[in-house]
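1. I would like the atomic coordinates for the input below:
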Amino acid sequence: MKAVNKLFATAALAALLSACASTTQLTQQQIQQQYPPITQLEQAVQAAQVNNVSVLAPQGYKSAERQLADAYKAAQKGQTAAANNAAKQGLDSMAQAQRDATNSADILSEVMDARGKALRAGAQDLYPKNLSELEEDLRDTAAMVEKGEIEQAKQERPELRQAYADLELKSVKEGTVQRAKAAISRAKDNDAHKLAPKTFKSAQESLAASISILEADRTARDRAEAAARQALINAERSETVSEMVRDFDRRDSTPEDVVLWHQAELAKIAAPLNKTLTFNEPNKQTVAALQQDISTLVEDRQRLAAASGTLMSADATIAQLKEQHAQEIKQLKQKQEQQIAQLKSEFAGEKTELTQAQKEREERFKRIQQMFSKDEATVYRQGDNVLISVQGFKFPPGSSEIQPQNFGIMNKIVQGITAFNATKVQVAGHTDATGSNEINLNLSEQRAQNVARFLTDVGHIPSEKIVAEGYGSQKPVATNATPQGRAENRRIEVLIVNE
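-> Residues are numbered from 1 along each chain as shown. I've put the predicted structure just below:
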């Protein structure tokens, strides 16, 4: 269902972009680069689809989709203000839809749990019409939550939950069981009952057990599913065995040929272990030796895992550094607040002798501070200089490429640099501690250089003003032991120097 919806959304977007093809048109990538709000809205819509917002808050989701389409149309016509306005309205609609979806997910939690089980049982492929009707009922119920009709939505819960549960049982019984029956039938058509009778019989027995379990206790779905899955595996295995038997027959293989083939397969297994099998010992000893070699590899891996666990002891030190860094930031913020309070007092008491240029610089600094949300960046003032610490700038692990979701932050950085007409811009790249120091240092330098290149190519900041440096993992701001901490350490810092 998610894949179908995504396909429709992609087709609709393609139709929208091609509808205006009679004149010179911006590509989708160009629109995303020039209109960050559109990029943000499109990513939000895609994420909402994955997170079931389209089902749990259908009205808000549809509203966001319409506004995304309007934003693209306006962008194609060069209507910048209209495009950005439509995208921002869409982001507001999506934010509300996500809040409504969270509320619906809480109220309809039992229904969503039953729905998930039905989907995992294959209802989408086996009974698409039944599922589509249930999905429409679910959207109608979720729309009640959006309208504030909570009690009415609660009244619909029991019937919806039971309908999804019935569909799950039907899918389990007819899904894997039907596939197992079909596999057994195919195997029999290929004479597996004659060429691999033991394996074929095992498939029949597992299928019979699955049907018996469901007939005796309809709640024992997991056991029935497991038995049907085993029947499917055995049926397919019987075909594989039958084909091998036929292959040996076609080559008029003798028992010795079969044994030699078996030894050749064992030799292939041993090859990655840098082990040469001579087969001058009994088969039992050869297999035992292979088992020992593989067991040794497993033990080595377990020892490596245990050794990596000792690295966790560094968490305390990292946490201490993080706390120290947090205290430094807190003190810096307090100092800034005191400075701002002092400036306000001086202005109020007419004690300041700031020049007009200094006043304008102070206002520009405040505007840059307000430009970034707390999740995107923290802006500090260092004398006449401005430091933008971008913790919201996300790099995938091991990558230096600037992702589309970072274009909005990049455009804000460009605006900040342009506002100050900086004499110099210092870009510092930082990574997490994954990998070697050399790799991390090179990666951080590449990230800083890519940001600097963006400032020049897109922001039109002269390249001679920009200095890009990488510090690798030398200056962490969070623990490297968790995905979230590593993501925080993959950051960019931009210093606007105003000499």
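2. burial check on residue 307, number of neighbours?
-> Burial of residue 307 is recorded as 9 neighbouring residues (other C-beta atoms under 10 Å). C-betas here are computed from N, CA, C, even on glycine.
3. where does residue 426 fall, phi/psi-wise?
-> The phi and psi torsions at residue 426 (degrees, to the nearest 10) take the values phi -110, psi 120.
4. this structure: strands as residue ranges?
-> Secondary structure of the chain (DSSP state E): strands at 378-382, 385-390, 424-430, 466-470, 491-497.
5. would you turn those into TSV with mean neighbour count, mean pLDDT and distance to residue 279?
-> TSV is the format used below for these (neighbours: other C-beta atoms under 10 Å; pLDDT from 0 to 100; distance: least, C-beta to C-beta, whole Å):
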stretch	mean neighbour count	mean pLDDT	distance to residue 279
strand 378-382	18	85	68
strand 385-390	21	87	63
strand 424-430	22	91	56
strand 466-470	19	93	55
strand 491-497	23	89	58
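6. could you dump those strands to a markdown table with distance to residue 413?
-> Formatted as a markdown table, the strands of the chain follow (distance: least, C-beta to C-beta, whole Å):
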| stretch | distance to residue 413 |
| --- | --- |
| strand 378-382 | 10 |
| strand 385-390 | 6 |
| strand 424-430 | 9 |
| strand 466-470 | 11 |
| strand 491-497 | 6 |
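7. and residue 43, which of the ones you listed is closest to it?
-> In this view, the strands of the chain are compared for proximity to residue 43 by C-beta to C-beta, and strand 385-390 is the closest at 18.0 Å.
8. tell me the angle that closest one makes with strand 424-430.
-> Relative orientation of strand 385-390 with respect to strand 424-430: 30 degrees, computed using axes from the mean of the first three to the mean of the last three C-alpha atoms, to 10 degrees.
9. got the contact list for strand 385-390?
-> 365, 368, 372, 376-381, 409, 413, 416, 420, 491-498 (C-beta atoms under 8 Å, 6 or more residues apart in numbering).
10. angle of it against strand 491-497?
-> Going by the same axes, to 10 degrees, strand 385-390 is angled at 170 degrees with respect to strand 491-497.
11. show me where the stretch 301-450 of the chain has helices.
-> Read by DSSP state H, counting those that start in this stretch, the stretch 301-450 of the chain holds these helices, from start to end of the chain: 314-348, 356-371, 407-420, 437-457.
12. these into a markdown table, with extra columns for mean neighbour count?
-> Rendered in a markdown table, the data for the helices of the stretch 301-450 of the chain read as follows (neighbours: other C-beta atoms under 10 Å):
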| stretch | mean neighbour count |
| --- | --- |
| helix 314-348 | 12 |
| helix 356-371 | 14 |
| helix 407-420 | 19 |
| helix 437-457 | 19 |
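13. residue 240: which of the ones you listed is closest?
-> Nearest of those to residue 240, taken as C-beta to C-beta: helix 437-457 at 43.7 Å.
14. give me the contact list for the closest one.
-> The set of residues external to helix 437-457 that reach it, using C-beta under 8 Å, 6+ apart, is 395, 398, 400-402, 410, 413-414, 417, 425, 427-435, 461-463, 466-473, 490, 492, 494.
15. leaving out sequence neighbours, find the closest residue to residue 214.
-> Sequence neighbours aside, residue 224 is the residue nearest to residue 214 in space, at 4.6 Å (criterion: C-beta to C-beta, 6 or more residues apart in numbering).
16. quick check: that neighbour touching residue 213?
-> Yes. At 4.2 Å, residue 224 counts as touching residue 213 under the criterion of C-beta atoms under 8 Å.
17. looking at these two, which is more packed in?
-> residue 224 (25 against 19).
18. let me see the ranges of the helices in the stretch 51-200 of the chain.
-> In the stretch 51-200 of the chain, the helices defined using DSSP H, counting those that start in this stretch lie at 53-56, 58-76, 80-107, 109-120, 123-126, 128-147, 150-174, 176-189, 192-195, 197-216.
19. report pLDDT for residue 369.
-> At residue 369, the pLDDT value in this model is 84.
20. start the count at 685, not 1, going forward
-> New numbering, starting at 685: the last item is residue 1053.
21. and residue 1063, how far is that from residue 1044?
-> Computed as C-beta to C-beta, to the nearest Å, the residue 1063 to residue 1044 distance reads 17 Å.
22. what's the least confident stretch among the helices of the stretch 985-1134 of the chain?
-> Per-segment mean pLDDT for these reaches its minimum on helix 998-1032, at a mean of 76.
23. report the separation between the residue nearest the centre of the chain and residue 1090.
-> Averaging the C-alpha coordinates of the chain gives a centre point, and the residue nearest to it by C-alpha atoms, centre = their mean is residue 731 (9.0 Å). Summarising the geometry, the distance separating residue 731 from residue 1090, computed by C-beta to C-beta, is 16 Å.
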